[in-house]
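Trainee: Give me a model of this one.
(2 chains)
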2 protein chains.
Amino acid sequence: MPEAIKIGLLGLGTVGRGVYKILTENAASIACKVGAPVQIKRVLVREPGRKRGLEIEPEMLTVDVNEILDDPEIKVVVEVIGGIHPALEYALAALERGKSLVTANKDMIALHGRELFAAAETSGADLLFEGSVAGGIPIIRPLKQCLAANRIREVMGIINGTTNYMLTRMTREGCDFNLALEDAQAKGYAEANPAADVEGMDAARKLAILASIAFNSRITVNDVHVEGITRITSRDIAYARELNYVIKLLGIAKETPEGVEVRVHPTFIPVTHPLAAVNDEFNAIFVRGDAVGETMFFGRGAGEMPTGSAVAADVMDAARNILHGVSGMISCTCFENKPLKPVGLVECQYYVRLQVADRPGVLASIAYAFGDKEVSLATVLQKHTNGQNAEIVLITHRVQEQNLQDALRLVERLSSVNEVSNFIRVEGES
Amino acid sequence: MPEAIKIGLLGLGTVGRGVYKILTENAASIACKVGAPVQIKRVLVREPGRKRGLEIEPEMLTVDVNEILDDPEIKVVVEVIGGIHPALEYALAALERGKSLVTANKDMIALHGRELFAAAETSGADLLFEGSVAGGIPIIRPLKQCLAANRIREVMGIINGTTNYMLTRMTREGCDFNLALEDAQAKGYAEANPAADVEGMDAARKLAILASIAFNSRITVNDVHVEGITRITSRDIAYARELNYVIKLLGIAKETPEGVEVRVHPTFIPVTHPLAAVNDEFNAIFVRGDAVGETMFFGRGAGEMPTGSAVAADVMDAARNILHGVSGMISCTCFENKPLKPVGLVECQYYVRLQVADRPGVLASIAYAFGDKEVSLATVLQKHTNGQNAEIVLITHRVQEQNLQDALRLVERLSSVNEVSNFIRVEGES
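Mentor: Numbering: from 1, shown residues only, chains lettered A, B, ... in the order given. Here you go, the predicted structure:
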């Protein structure tokens, strides 16, 4: 068997530990599959003396990144530090030196994908990032290879485990947002500052990566319309159930004749939709292609071993390519430049919840206001009437976002309407 | 851009038409992704004059396979004839001439995988067969690459669309096996002779392929314990529902300390299991790895365009490898030789349905017989009592198959037991 392919690991946090364990424990079968042993030579850490619950020889650890970047024997650099700086500088330096780069860093790829790919193409190195989206679930390689013959029409995913865990609790137990958040924090699913998760930015970064690959056109996180789950109440969850839907935070990307739409927001989906059964901290990505039809990829979207599994697989591919002298064979696939669709032109159904005066003619005036903006109603429920006030819940037919917003402004001004309490998009009807 | 990579297509049936359409309609983006155009040069058919609902130049068609096999310009041969002969002879001839082979032929791969891989390795060609299992769902490449760093513990799949469609109808509408079969035949999901589907052999072939890759050890269709769905009655389906299960025909492969178990049979799975929501003609494969945990791959398991999608993706990979001179880089992964576990040692829970005399002490005598063979009972239901006879349904705790069979023989001999009506394995409890 040929000599070992040597790896440099940047970071020994959660994912780094997973990668180390997998490449060490499964070394024998990994060597058989790659055609050569894959061996971690050096690991960049901040505090070499720290306890890590990991058997690792102290001489492998270094605090000096150049011991990895400048080591010609190291052919693959694995970046699992996270964040933008100094991860980006290290990644670019590795690529510029012709080393293949494997990363699980969604922030870096979503924001700096273009320059990273340019560096990889210049030096002919591999740039692999399966672990950056949906942890252990294979989705980058399936999109880039397995479904490559398709024109992808739509990607729709539960790509944030924290919010899926929270929404699952809210759905199962009827608890409210704050309690669900506290529980997610206690379980370690949510960070002390949960903003990136609950406000949708984490999902937006992953969606930008998925959409870029799906549509062969660079989409950055700034292109994504983002709404989080902070305004979802247990009331909305209860109505969803009554109407045979569940609420999920979805990343949705579609190619339409008017351009590409990319958005992250809480969404009503029918209970019969494959994504509706994806609960707890699990992730899943639903993909529709012109040839394959509907497919879905399900699994754990985060964690030491699941994300480690994705990173280790990328390391194996990078090592195999080095062995055969074909690094960089599958590079950036953004060879098109597709326009974005303005969010006002996005079309879907909407759930709307209103507080109104409980008197004759109110429903008629509301229906009239919606109709005036060409919004037609599919379902109307009136509930919680107390003689003075009532709650109206309705689901519209498909309508453009701008018409819906115009209609809501009109409805809000009606004297009989006290409040537009919420509106939530509805997706996934066939 | 480099010159086109030329393809020879053997067969223009359902899948062949799909491959032709995809490679033609999506030619531009396929060329960008591969790095060179991918062009079908010649197509082997039996009747060149036949109407096909396809725009294809008559001079591309040939009835002589040697016009493809002997054409040095053709670098990739796509075998979508199906069956063993002459597909196998053509496939071997193509590989021996150094051409890469793409096939969707599960029968051929499950029975002759070893000699096909040997031929591919000798000539250094690619042998790709994503379309042979679960149609358009990416599963071969995910197992070979994306999850390659894992030690796979378990593969459990709905890999026959016909029987899944039938069981879905039986579950939703309470209809019986024969009606469900007639309906599947009317819809074109089941063939006039449905034996391969309903008796489980189709699933067994696919399971042999999946298990070989998952466990890095050659498993043939003859190693698979196979039971079909012919003995599933609407009564069993109703009890499953009452007990919070659904019945699916599963292909199950597990690695255990006592060896690899591979089996196809109808199975009770909890309604909360990800596979339980996979309905109609859809397929899904659930995979458990030591690092990634639980993952699932869902989609259409058959049909012109879905299977065409998988075959076309393989063609793209083969073409890209030819372009870079690295065909055969990922070859046979059966580098281990794992023992099979005898079916008597397989452990799971069981559902058992019995017809008994309706008199005091019967349940006690049955429970005693089970206990005598170390089978302990988790759930017991007694139903449909008419004063003379009753039906007893029970679910056992985990038990070895041989003990369950011994217990059933004992129970059958009890004077109070009229009949053991059915027993069905239970899987998927966490």
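Trainee: Okay, residue A:133 and chain B: tell me how far apart.
Mentor: Going from residue A:133 to chain B by C-beta to the nearest C-beta, to the nearest Å gives 12 Å. From N, CA and C alone the C-beta is placed, and that goes for glycine too.
Trainee: so that residue touches residue A:159, yeah?
Mentor: Yes. Between residue A:133 and residue A:159 a contact is recorded at 6.5 Å, counting by C-beta atoms under 8 Å.
Trainee: Can you show me the helices along the stretch 151-300 of chain A?
Mentor: A:161-173, A:177-186, A:195-198, A:201-215, A:234-242 (DSSP state H, counting those that start in this stretch).
Trainee: can you put these in TSV and add mean neighbour count?
Mentor: Compiled in TSV, the helices of the stretch 151-300 of chain A are given as follows (neighbours: other C-beta atoms under 10 Å in any protein chain shown):
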stretch	mean neighbour count
helix A:161-173	22
helix A:177-186	17
helix A:195-198	20
helix A:201-215	27
helix A:234-242	18
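Trainee: For residue A:338, find the nearest of those.
Mentor: Minimum separation from residue A:338 across these (C-beta to C-beta) falls at helix A:201-215, 5.8 Å.
Trainee: dump the residue contacts of the residue nearest to residue A:422 when sequence neighbours are not counted.
Mentor: Leaving aside its chain neighbours, residue A:422 sits nearest to residue A:353 (4.7 Å; criterion: C-beta to C-beta, 6 or more residues apart in numbering or on different chains). Contact analysis of residue A:353 by C-beta atoms under 8 Å, 6 or more residues apart in numbering or on different chains lists A:235, A:236, A:239, A:391, A:392, A:393, A:420, A:421, A:422, A:423.
Trainee: So chain A: which segments form each domain?
Mentor: The record assigns chain A these domain ranges, following automatic domain parsing: A:5-136+A:304-324, A:149-300, A:343-426.
Trainee: First-to-last residue distance for the last one?
Mentor: Using C-alpha to C-alpha, to the nearest Å, the span of domain A:343-426 from its first residue to its last is 15 Å.
Trainee: same thing with stretch A:65-80?
Mentor: Using C-alpha to C-alpha, the gap from the first to the last residue of stretch A:65-80 comes to 13 Å.
Trainee: how about it: buried residues?
Mentor: Judged by neighbour count using 16 or more other C-beta atoms under 10 Å in any protein chain shown, the buried positions of stretch A:65-80 are A:65, A:67, A:68, A:69, A:71, A:74, A:75, A:76, A:77, A:78, A:79, A:80.
Trainee: just to revisit the earlier point, can you flag which of the contacts of residue A:353 belong to helices?
Mentor: A:235, A:236, A:239 (DSSP state H).
Trainee: Would you reformat these as a markdown table and include distance to residue B:343 and pLDDT?
Mentor: Formatted as a markdown table, those follow (distance: C-beta to C-beta, whole Å; pLDDT from 0 to 100):
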| residue | distance to residue B:343 | pLDDT |
| --- | --- | --- |
| A:235 | 53 | 95 |
| A:236 | 51 | 97 |
| A:239 | 50 | 96 |
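Trainee: could you dump the residues you listed to CSV with distance to chain B?
Mentor: Shown next, in CSV, are the ones in helices among the contacts of residue A:353 (distance: C-beta to the nearest C-beta, whole Å):
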residue, distance to chain B
A:235, 26
A:236, 23
A:239, 23
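Trainee: picking that back up, and the contacts of residue A:353, which are buried?
Mentor: Neighbour-count burial within the contacts of residue A:353 applies to A:235, A:236, A:239, A:391, A:392, A:393, A:421, A:422, A:423; the criterion is 16+ other C-beta under 10 Å.
Trainee: give the contact list for the second one.
Mentor: So that's residue A:236. The contact partners of residue A:236, by C-beta under 8 Å, 6+ apart, come to A:247, A:351, A:353, A:422, A:424.
Trainee: make it 6 Å
Mentor: Shown in contact with residue A:236 (C-beta atoms under 6 Å, 6 or more residues apart in numbering or on different chains): residue A:422.
Trainee: Quick check: residues of chain A near chain B?
Mentor: Within chain A, the residues that sit near chain B (C-beta under 6 Å from any C-beta of the partner chain) are A:22, A:26, A:32-33, A:136, A:138, A:141-142, A:146, A:148-151, A:277, A:291-293, A:295-296, A:298-300, A:305-306, A:308-309, A:312-313, A:316, A:324, A:326, A:329, A:335.
Trainee: returning to that earlier point: is it possible to export the domains of chain A to JSON lines including distance to residue B:225?
Mentor: Listed next are the domains of chain A as JSON lines, based on distance: least, C-beta to C-beta, whole Å:
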{"stretch": "domain A:5-136+A:304-324", "distance to residue B:225": "26"}
{"stretch": "domain A:149-300", "distance to residue B:225": "27"}
{"stretch": "domain A:343-426", "distance to residue B:225": "46"}
